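Engineer: structure, please.
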Amino acid sequence: MNNPLINPGIGVIVWQLVSFGILVFILAKWGWPMLLKSLKKREDAINESLSAAERAREEMKALKADNEDLLRQAKQERDAMLSNARMTSEKIVEEARIKATEEADRIVENARENINYEKLKAMHDLKNQIANLSIEIAEKLIKMELADRQKADALIKKELENAHID
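Structural biologist: Residues are numbered from 1 along each chain as shown. Modelled structure (predicted):
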């Protein structure tokens, strides 16, 4: 078993150690700092992205809270507007009801006054008719009484005597 891959010679081992040492030296001098620098940049970028994401999340929470406040205010304003509209409509209905009641009362009062006026007018007309009828009846009776001359003279004397007594 003299295979150089399985049993390497001392010279090969030394040269491998020297080339490994040179590789480590080169990597340590130029490779590792660049690699660490790149990793540091990447770590900083990731941390910055994480902090930006955290800030964005906080801003989103604040915006969400602001939106909820705005929504709550909008709902309150809507409720206030609806309440005002309801009160206004109730007020208008109440005013219309009061006006209608007042108008109905005024119409009823006018009707009562008209009825009383018509009643008084009818009574006055009735009294005038009764007076006219009484005068006509008295006129006819007097004509009948005065048709006879003796009765007429007796009536005149009687009335003159009654006139002096009063």
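Engineer: distance from the longest helix anywhere in the chain to the middle of the chain?
Structural biologist: For the chain, the helix with the greatest residue count under DSSP state H is helix 32-146. Offset of helix 32-146 from its chain centre (CA atoms, centre = their mean, to the nearest Å): 9 Å.
Engineer: now do that helix, average pLDDT.
Structural biologist: Averaged over helix 32-146, pLDDT sits at 91.
Engineer: repeat that for stretch 12-29.
Structural biologist: Mean predicted confidence for stretch 12-29 is 92.
Engineer: same question for stretch 156-163.
Structural biologist: 78.
Engineer: I'd like the distance from that stretch to the chain centre, please.
Structural biologist: Chain-centre distance of stretch 156-163: 91 Å, with CA atoms, centre = their mean.
Engineer: burial count for Leu27?
Structural biologist: The tally of other residues near Leu27 (other CB atoms under 10 Å) stands at 13. (C-beta placed from N, C-alpha, C; glycine too.)
Engineer: re earlier: counting contacts, what elements does the longest helix of the chain pack onto?
Structural biologist: helix 149-165 (3 or more CB pairs under 8 Å, 6 or more residues apart in numbering; DSSP states H and E).
Engineer: just the C-alphas of the helix it packs on, formatted as CSV.
Structural biologist: Extracted C-alpha coordinates of helix 149-165, given in CSV (Å, rounded to 0.1, in the frame of the first residue of the first chain):
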residue,chain,number,x,y,z
ARG,A,149,-169.7,104.5,14.5
GLN,A,150,-171.1,104.0,18.0
LYS,A,151,-168.6,101.3,18.9
ALA,A,152,-165.9,103.6,17.6
ASP,A,153,-166.9,106.5,19.8
ALA,A,154,-167.2,104.2,22.9
LEU,A,155,-163.8,102.8,22.2
ILE,A,156,-162.2,106.3,21.9
LYS,A,157,-163.8,107.4,25.2
LYS,A,158,-162.7,104.2,26.9
GLU,A,159,-159.1,104.6,25.7
LEU,A,160,-159.1,108.3,26.7
GLU,A,161,-160.2,107.4,30.2
ASN,A,162,-157.6,104.7,30.5
ALA,A,163,-154.9,107.1,29.2
HIS,A,164,-155.7,109.6,32.0
ILE,A,165,-155.5,106.9,34.7
